[in-house]
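Structure of the sequence below:
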Amino acid sequence: MVAAAGSQREIKSAPGTAVYRRRQPERSTVYQVMQGHLETWLAGCRQADGEGLPVAGYIEEDFRKYLACGILANGFARARCAGCGYDFLIAFSCKGRGICPSCNTRRMVETAAHLNDQVFPQVPVRQWVLSFPKRLRYFLARDADLLNRVLRIFLNSVEKVLLLCSPNAPDHARLGAVTFVHRFGSALNGHIHFHCCVIDGVFSAEDEALRFHQASVTREAIAKVQAEVRERVLRLFKQRKLLSPEDVDMIAETADMLQIGARNMQNFPLLQAVGRTRIPIMLKRGLMNTVQEWLLSSDYILSGGNRQVILCERGIRTFETATRNTFDINAIPLLKGLTHLPVFGDPSHGTGKWDLVAAVGRACIAAGADGLMIEVHPDPAKALSDGAQSLKPERFAELVASIRQIAPAVGRTL
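As a prediction, this is how the structure comes out:
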């Protein structure tokens with residue numbers, strides 16, 4: 001029998017010699033199911049959806065690329081062994097990052113080899129994994145900015161613990177880490193979580209060279225990371241107005257105070273939910289709400305039995321654009337005459353500019369405010385949010401010192 005030109009020729013190999021054999025994806029159950037039902041499924045989805053576009057384009061594209069992956073009819077390269085004359089064909093791959101098991105496995109192996117050979121130094125590496133409750137996964141899967149901020153919170157908490165567990169490490173030492181964001185669980189369920197390969201220690205720059213300080217991480221240190229990340233992530237979700245009233249009880253278990261942001265001032269189901277808790281509530285004024293509307297909102301909390309309510313003026317929206325908001329200093333003495341509730345001022349949000357915060361903060365105390373909410377950050381330029389309105393610790397200390405002088409003049413103590 002004569003073989004046609006270009007066909008693969010059988011060859012007898014010596015025992016133990018590896019011979020390339022084309023994988024045959026078309027024989028796998030997954031491929032056969034997808035090939036037989038993809039078009040039917042897509043057509044059914046289009047028919048069921050009013051707009052006719054229920055499946056995202058990138059999802060359909062990934063399915064179709066998988067059906068073409070490793071199939072000779074969709075393109076191949078011909079290779080020949082110069083030593084033995086063995087010809088073989090290599091089908092083109094889809095190089096997908098979604099469902100193709102072959103391409104995903106190859107990328108996984110290549111990435112692991114690259115990290116081991118080229119990235120990680122010869123020091124201990126620990127894997128840290130962070131998973132999330134189901135109620136948070138939806139938001140993380142759809143909001144890349146939120147996902148990045150949560151990852152930064154996690155790595156920042158890990159770095160602080162590594163510094164504490166690394167003897168003689170200077171404060172400026174930093175961690176080294178590579179993170180892989182996984183979007184599915186083992187059952188292909190939506191389960192976004194982080195796998196972080198973290199060097200088990202920190203690095204510091206000394207005499208133009210890097211010095212490694214190995215950490216001795218304890219169970220207590222890991223528990224500390226878990227507790228801090230939980231608190232900071234829940235706070236971030238609440239600040240972004242992503243948690244529903246049903247989540248209040250869960251947060252109240254660990255929080256010392258709950259803050260109702262300006263955009264939720266008239267979220268009445270939420271106000272009723274926090275009214276059933278017994279921890280302090282800070283109720284911020286809405287962006288365009290009157291003082292009377294603000295007080296009526298506080299009644300929703302008080303009616304639930306929670307008497308620990310603080311009102312916080314944070315500025316309102318006007319036609320003025322020179323500052324982030326227009327701080328209503330009149331509201332402070334007005335509220336002191338209308339309600340028994342404590343009144344705070346938030347000059348950070350009220351102005352949006354750090355160089356105005358101290359002056360407006362002093363004005364709040366002079367007007368009768370019971371306290372201030374001030375944003376402070378050691379390096380505002382690197383703050384995750386609101387860096388432009390954050391004071392450095394030394395400027396915050398100066399503000400406190402000046403308030404100590406003003407408070408007695410208006411019959412208050414600090």
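
so how far is stretch 346-354 from its chain's centroid?
If you compare the mean C-alpha spot of stretch 346-354 with that of the full chain, they lie 25 Å apart, counting by C-alpha atoms, centre = their mean, to the nearest Å.

Walk me through the domains of the chain.
Here the domain assignment for the chain is 25-102, 123-230, 244-410, based on automatic domain parsing.

Of the ones you listed, which stretch is the most buried?
Between the domains of the chain, the one whose residues have the most neighbours on average, counting mean count of other C-beta atoms under 10 Å, is domain 244-410 (a mean of 17). Where C-beta positions appear, they are placed from N, C-alpha and C, glycine not excepted.

Apart from its neighbours in sequence, what residue is nearest the residue sitting nearest the centre point of the chain?
Taking C-alpha atoms, centre = their mean, the centroid of the chain lies closest to residue 150, which sits 2.4 Å from it. Of all residues not flanking residue 150 in the chain, residue 233 sits nearest, at 5.6 Å (C-beta to C-beta, 6 or more residues apart in numbering).

What distance do you get for the one you found to residue 158?
Between residue 233 and residue 158 the distance, using C-beta to C-beta, to the nearest Å, works out to 13 Å.

can you give me the helices for the protein?
Under the criterion DSSP state H, the chain carries helices at the ranges 29-48, 57-68, 101-114, 134-142, 144-164, 219-239, 248-252, 268-275, 291-302, 331-338, 347-351, 354-367, 393-406.

on contacts alone, who are the packing partners of the fifth one?
Okay, so that is helix 144-164. Here helix 144-164 is seen to pack against strand 125-130, helix 134-142, strand 177-184, strand 190-199, strand 201-206, helix 219-239 when contacts are counted using 3 or more C-beta pairs under 8 Å, 6 or more residues apart in numbering; DSSP states H and E.

what about stretch 102-115, distance to the chain center?
For stretch 102-115, the distance from its own C-alpha centre to the chain's C-alpha centre is 25 Å (C-alpha atoms, centre = their mean).

Only alpha carbons, please: show it as CSV.
Extracted C-alpha coordinates of stretch 102-115, given in CSV (Å, rounded to 0.1, in the frame of the first residue of the first chain):
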residue,chain,number,x,y,z
SER,A,102,-6.0,21.4,26.3
CYS,A,103,-5.1,25.1,25.9
ASN,A,104,-5.8,25.8,29.6
THR,A,105,-3.6,22.9,30.7
ARG,A,106,-0.8,23.9,28.4
ARG,A,107,-0.9,27.5,29.6
MET,A,108,-1.0,26.3,33.2
VAL,A,109,2.1,24.2,32.8
GLU,A,110,4.0,26.9,30.9
THR,A,111,3.1,29.5,33.5
ALA,A,112,4.2,27.3,36.4
ALA,A,113,7.5,26.5,34.7
HIS,A,114,8.1,30.2,34.0
LEU,A,115,7.3,31.2,37.6
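
tell me which residues in it are buried?
Taking 16 or more other C-beta atoms under 10 Å as the basis for neighbour counts, the residues of stretch 102-115 that come out buried are 102, 103.

So what touches it?
23, 25, 69, 70, 93, 94, 95, 96, 97, 178, 197 (C-beta atoms under 8 Å, 6 or more residues apart in numbering).

average pLDDT for that stretch?
Predicted confidence along stretch 102-115 averages 89 (mean pLDDT).

Fine by me, thanks again.
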